[in-house]
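**Student:** Requesting a structural model of the entry that follows:
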Amino acid sequence: MAEQRAAFLQLWIDGQPVTDARSRVSRLEVDERTDDASSFHLSLDMAPTDSGDWDALADGRFALLKRVTISFGLGAPDSEAPDVQDVVFDGYITAVEPYFGPSRVPDSSLEVYGLDASCLMHLEERTRSFSGLSDAGIVRQLYGEYGFAVDVQDTAPVRDPARAVVLQRGTDASLIRWLARRNGYEAFVERKQGPVAAGANAAPECVGHFHLPRPDGPKQPDLSLIPRSTPSVIELKARWESHRPTELHGEHIDERTRRIRSSTVTAPRFPRMGTTGRADILKARMAAVLPKRPQTKAVGLQYVDVPHDVPEVENLAWSDYREADWLAEANGTVQGLRYERILRARRPVGLVGAGKLMDGTWYVRGARHRWVWAEALARYEVDVDLARDALNGVA
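**Tutor:** Numbers count the residues shown, from 1 in each chain. Here you go, the predicted structure:
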């Protein structure tokens with residue numbers, strides 16, 4: 001466990017550093033999600049000027065659709081620069097909310113909200129069709145229209161233009177999320193690490209992702225519940241339950257052959273994060289709790305979406321299975337000043353101190369960074385949303 005350090009904040013507006021960020025920002029939250037656009041909420045102290053205006057409100061830097069880039073860092077308390085630093089957000093201001101408090105000063109503020117660069121894909125609703133492409137091919141085309149680099153995992157099938165098209169009725173962002181759900185993928189836009197270039201266009205520095213979750217990727221340093229006096233995890237609440245499917249059946253009629261196409265999914269498409277999944281727990285108990293039907297399984301049926309080809313039957317079943325297969329879910333708060341790095345969403349992380357059932361690898365589905373300036377000190381905490389598809393024994 002790293003010793004407690006100081007928190008650093010750096011902001012850029014349209015690629016230009018905000019040199020007075022520490023004196024003006026009272027609170028900043030950045031919410032990184034796997035299932036939605038990342039967002040930020042910035043609170044700026046606001047005071048009247050001699051000209052009768054309000055300083056933060058009149059500051060042209062905080063106008064709609066200004067590009068905002070946010071970096072958090074950690075370093076020694078007496079250092080002028082962080083030892084570790086991560087850019088966690090690159091996007092645009094989408095809402096501005098001035099608040100005039102009862103006393104005017106010091107309880108007035110300018111509340112600024114924004115979404116990551118994928119919000120540019122959510123401005124225009126369009127009607128158009130795609131044929132002769134796989135879902136991944138459609139996503140590559142959409143990301144390319146905005147100038148994003150791509151990290152896109154292939155999908156099957158490539159649809160026959162003579163019998164199947166994808167029809168878009170909505171924004172490009174909505175279409176990408178629909179295609180991700182059909183394939184059990186994650187879809188998000190994330191900034192690359194590296195210098196922040198000047199200018200309002202964030203796309204060249206961002207990557208559009210469309211792929212399976214990656215709980216088997218490079219693991220972040222362990223979160224720790226111990227020692228109790230100085231843990232990196234302040235609090236953690238976990239939950240797992242019995243009544244979710246452990247097996248998904250998809251059955252659909254092929255409109256060409258009139259035959260039933262079926263698929264059964266019983267395992268994830270990535271390595272499990274423990275030895276005992278929900279299916280193992282139920283199997284161990286069925287003979288005792290249901291002796292007349294000891295082979296009973298928790299089966300779910302996929303029937304909402306309609307496939308156009310045989311591989312899609314399996315993909316649709318997998319998509320429903322992926323979400324149901326998360327066995328344990330946890331929410332907690334990390335003391336960021338005691339953690340080795342800037343904790344990020346969409347990546348695995350280790351956990352120690354929770355006992356033999358829960359210690360090990362978890363997937364970070366969400367991370368909400370909270371930076372608060374109070375009494376000449378910066379507090380930095382991260383609210384985490386964790387999940388794993390197996391425990392280390394029967395619970």
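**Student:** pretty sure Arg159 is in a helix, no?
**Tutor:** No - counting by DSSP: H, G, I helix; E, B strand; the rest coil, Arg159 is not found in a helix; it is coil.
**Student:** what number of residues lie near it?
**Tutor:** By other Cβ atoms under 10 Å, 21 other residues sit near Arg159. (Glycine included, C-beta is placed from N, CA and C.)
**Student:** What of Ala162?
**Tutor:** 8.
**Student:** Would you mind putting the CA coordinates of the lowest-mean-pLDDT helix or strand in the chain into CSV?
**Tutor:** Ranked by mean pLDDT, DSSP states H and E, the weakest helix or strand in the chain is helix 21-24, scoring a mean of 85. What follows is helix 21-24, C-alpha atoms only, in CSV (Å, rounded to 0.1, in the frame of the first residue of the first chain):
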residue,chain,number,x,y,z
ALA,A,21,-7.9,25.8,-11.5
ARG,A,22,-7.0,25.2,-7.9
SER,A,23,-8.1,28.7,-6.8
ARG,A,24,-11.4,28.5,-8.7
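**Student:** can you list contacts of it?
**Tutor:** With contact meaning Cβ atoms under 8 Å, 6 or more residues apart in numbering, helix 21-24 is reached by Leu9, Gln10, Leu11, Val18, Leu44, Asp45, Ala56, Trp373, Ala378.
**Student:** Toward the C-terminus, what is the element adjacent to that helix?
**Tutor:** Downstream of helix 21-24, the next assigned helix or strand under DSSP states H and E is strand 25-33.
**Student:** Can you tell me the strand partners of the helix or strand following that next one and which way each runs?
**Tutor:** Next helix or strand after strand 25-33 toward the C-terminus (DSSP H and E): strand 39-45. Strand 39-45 has its sheet partners listed here by DSSP bridges as strand 25-33 (antiparallel), strand 109-116 (antiparallel).
**Student:** quick one: the helix or strand that strand 39-45 is followed by to chain centroid distance?
**Tutor:** Next along the chain after strand 39-45, taking DSSP H and E as the criterion, comes helix 55-58. Centre-to-centre, helix 55-58 and its host chain are 32 Å apart (Cα atoms, centre = their mean, to the nearest Å).
**Student:** repeat for stretch 49-67
**Tutor:** Worked out by Cα atoms, centre = their mean, stretch 49-67 lies 31 Å from the chain centre.
**Student:** got the buried residues for that stretch?
**Tutor:** Within stretch 49-67, the residues that count as buried by 16 or more other Cβ atoms under 10 Å are Trp54, Ala56, Leu57, Asp59, Phe62, Lys66, Arg67.
**Student:** Kindly report the same for stretch 120-131.
**Tutor:** Buried residues in stretch 120-131 (16+ other Cβ under 10 Å): Leu120, Met121, Phe130.
**Student:** was I right about the first one contacting Phe148?
**Tutor:** So the one you mean is Leu120. No - in this structure Leu120 lies outside contact range of Phe148 using Cβ atoms under 8 Å: 9.5 Å.
**Student:** and of the strands paired with strand 39-45, who's closest to Trp240?
**Tutor:** Distance to Trp240, taken as Cβ to Cβ, is lowest for strand 25-33 among the strands paired with strand 39-45, at 21.8 Å.
**Student:** before we move on, the earlier item: including pLDDT and secondary structure, could the buried residues of stretch 120-131 go into JSON lines?
**Tutor:** JSON lines is the format used below for these (pLDDT from 0 to 100; DSSP: H, G, I helix; E, B strand; the rest coil):
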{"residue": "Leu120", "pLDDT": "97", "secondary structure": "helix"}
{"residue": "Met121", "pLDDT": "98", "secondary structure": "helix"}
{"residue": "Phe130", "pLDDT": "95", "secondary structure": "strand"}
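**Student:** for the residues you listed, which one is nearest Thr276?
**Tutor:** Met121 (40.3 Å).
**Student:** how close does that closest one sit to Ala374?
**Tutor:** Distance, Met121 to Ala374, using Cβ to Cβ, to the nearest Å: 37 Å.
**Student:** Number of residues surrounding Ala374?
**Tutor:** 9.
**Student:** Grab the nearest non-local neighbour of it.
**Tutor:** Once flanking residues are discounted, Ala374 sits nearest to Ser26: 8.0 Å by Cβ to Cβ, 6 or more residues apart in numbering.
**Student:** wouldn't that neighbour be in contact with Trp373 here?
**Tutor:** Yes - with contact defined as Cβ under 8 Å, Ser26 and Trp373 form a contacting pair (5.5 Å).
**Student:** Neighbour count: these two, which is higher?
**Tutor:** Trp373 (20 against 16).
**Student:** Check the contact between the more buried one and Phe8; I expect there is one.
**Tutor:** No - judged on Cβ under 8 Å, Trp373 makes no contact with Phe8 at a distance of 11.7 Å.
**Student:** In contact with Gly350, which residues are there?
**Tutor:** Per Cβ under 8 Å, 6+ apart, neighbours of Gly350: Lys219, Gln220, Pro221, Asp222, Leu223, Gly360, Thr361, Trp362.
**Student:** Remind me which helix or strand the closest residue to the first one other than its chain neighbours belongs to.
**Tutor:** What it means is Lys219. Spatially, and ignoring its direct neighbours in sequence, Lys219 is nearest to Pro348 (4.8 Å; Cβ to Cβ, 6+ apart). Taking DSSP H and E as the definition, Pro348 sits inside strand 347-352.
**Student:** can I see the domain layout of this structure?
**Tutor:** For the chain, automatic domain parsing gives the domain ranges 6-117+329-388, 121-211, 239-324.
**Student:** With distance to Pro231 as new columns, can those domains be given to me in a markdown table?
**Tutor:** A markdown table is the format used below for those (distance: least, Cβ to Cβ, whole Å):
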| stretch | distance to Pro231 |
| --- | --- |
| domain 6-117+329-388 | 7 |
| domain 121-211 | 28 |
| domain 239-324 | 20 |
